[in-house]
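Visitor: Predicted coordinates and the sequence they were generated for:
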Amino acid sequence: MKQITFAQAEHQNKKKVTRRERFLAEMNVLLPWQRLLDALSPSYYPDAAGKRGRPPTPLARMLRIYFLQQWYGLADEALEDAIYDSQAMRDFVGIDLSIESVPDATT
């Protein structure tokens, strides 16, 4: 079992579900994620084995980040900050700050 962070524990015990959390939960259910991934995967970072640079961010995560950017009208830098600030956004994207960081604005 994975241990949760203090921030996640505090977030789980809050009493109110925010509009952002409700919206993101609804979008998580409504959008056909697998169909979108299947359609986009042939053109997203073909085999990068042996190439230099940072490893690519998984397509599923980048797609969710892109949707957040469009829904909330955020620039790249603002989106990076918003994901760091919002537990609801981190949960939607699937980022655990105790293990990994948010992709930077240049990603």
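Guide: On my side now, so go ahead. Numbers count the residues shown, from 1 in each chain.

Visitor: list the contacts for the spatially closest residue to residue 74 that is not a sequence neighbour?
Guide: With Cβ to Cβ, 6 or more residues apart in numbering as the measure, residue 82 is the residue that lies nearest to residue 74, at 5.9 Å, once sequence neighbours are left out. For the C-beta atoms, the positions are set from N, CA and C on the backbone; glycine is no exception. Taking Cβ atoms under 8 Å, 6 or more residues apart in numbering as the criterion, residue 82 is in contact with 68, 72, 74, 89.

Visitor: let's see 10 Å
Guide: With contact taken as Cβ atoms under 10 Å, 6 or more residues apart in numbering, residue 82 is in contact with 68-69, 72, 74, 89-90, 102.

Visitor: What ranges does the chain have for its helices?
Guide: Applying DSSP state H to the chain gives helices spanning 6-12, 19-30, 33-40, 59-72, 76-85, 87-93.

Visitor: Quick check: which of the ones you listed is buried the most?
Guide: Across the helices of the chain, averaging neighbours per residue (mean count of other Cβ atoms under 10 Å) puts helix 87-93 on top, at a mean of 19.

Visitor: okay, which residue is most central for this structure?
Guide: The C-alpha lying nearest the average C-alpha coordinate of the chain belongs to residue 93 (Cα atoms, centre = their mean; 2.0 Å).
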